[in-house]
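Chemist: Show me the folded form of this:
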Amino acid sequence: MESVDELLIKKTLAGSLECFDVLMQRYQRDVFAVARGYTRSSDDALDICQNAFLKAYRKLGTFEGRSSFRTWLTSIANREGLNWVRTQSRKAPATTPDAQLELLPSGDDHETDLLEAERRQLVIENLHILNPRSRLAVILRYFREMPVSEVAAVLDCSEGVARNMLFRSVRKLRDAVATQ
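Modeler: Next up, the predicted model:
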């Protein structure tokens, strides 16, 4: 049985732009989260997203299905983010926080929710202390709930390396938040 993504890809390759639009809608949050890991500006993140989706559309015929479409697309977004960083390296970093990144909401207790939201905001504000690769791993795993195996596939490394990177990144973020 074909997955929904496989069917949408086949129809897109047959010329249906509407099917590619469905794929974009399904994965726009994932791609945007990756893009926000490279820039603090929503406009710049949207530019990265646009480039990633355009490249995915152009290269869709090369998708072999060895990984999920989500992993393949996220890898493209990662490369586009890296390209953006290279072209923007001489510009001053933006100062607006990464408000578009969100962790899943917590329980029903209002006070706990407020404390959790404050802690989430501190984590988001401190993502910049991580290198781009570690930041991407954290965003994919904890903000987009991607399994470690898919994070490893996007980063083109082993699961052990991805787990180690996540462990070190979380520890670094925890230390940074604790000092504030």
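Chemist: Do you know the pLDDT at residue 152?
Modeler: The per-residue pLDDT reported for residue 152 equals 92.
Chemist: element containing it?
Modeler: Using DSSP states H and E, residue 152 sits in helix 148-155.
Chemist: quick one: contacts of that helix?
Modeler: 67-68, 70-71, 74-75, 78, 133, 136-137, 140-141, 146, 158-159, 161-163, 165-166 (CB atoms under 8 Å, 6 or more residues apart in numbering). C-beta: built from backbone N, CA, C; applies to glycine.
Chemist: Give the buried residues for that helix.
Modeler: For helix 148-155, a neighbour-count test (16 or more other CB atoms under 10 Å) marks 148, 150, 151, 152, 153, 154, 155 as buried.
Chemist: Check which helices and strands the one helix or strand residue 136 maps to sits against.
Modeler: Residue 136 belongs to helix 132-138 when assigned by DSSP H and E. Packing partners of helix 132-138 (3 or more CB pairs under 8 Å, 6 or more residues apart in numbering; DSSP states H and E): helix 69-88, helix 148-155, helix 159-178.
Chemist: which other residues reach the last one?
Modeler: If you take CB under 8 Å, 6+ apart as the criterion, helix 159-178 is touched by 119, 122-123, 126-127, 129-130, 133-135, 137-138, 141, 148-149, 151-152, 155, 157.
Chemist: phi, psi of residue 15?
Modeler: Backbone dihedrals for residue 15, given as degrees, to the nearest 10, come out at phi 120, psi 0.
Chemist: whoops, residue 146 was the one
Modeler: Backbone torsions of residue 146, given as degrees, to the nearest 10, read phi -80, psi 140.
Chemist: now do residue 6
Modeler: Here is the backbone geometry of residue 6 (degrees, to the nearest 10): phi -60, psi -40.
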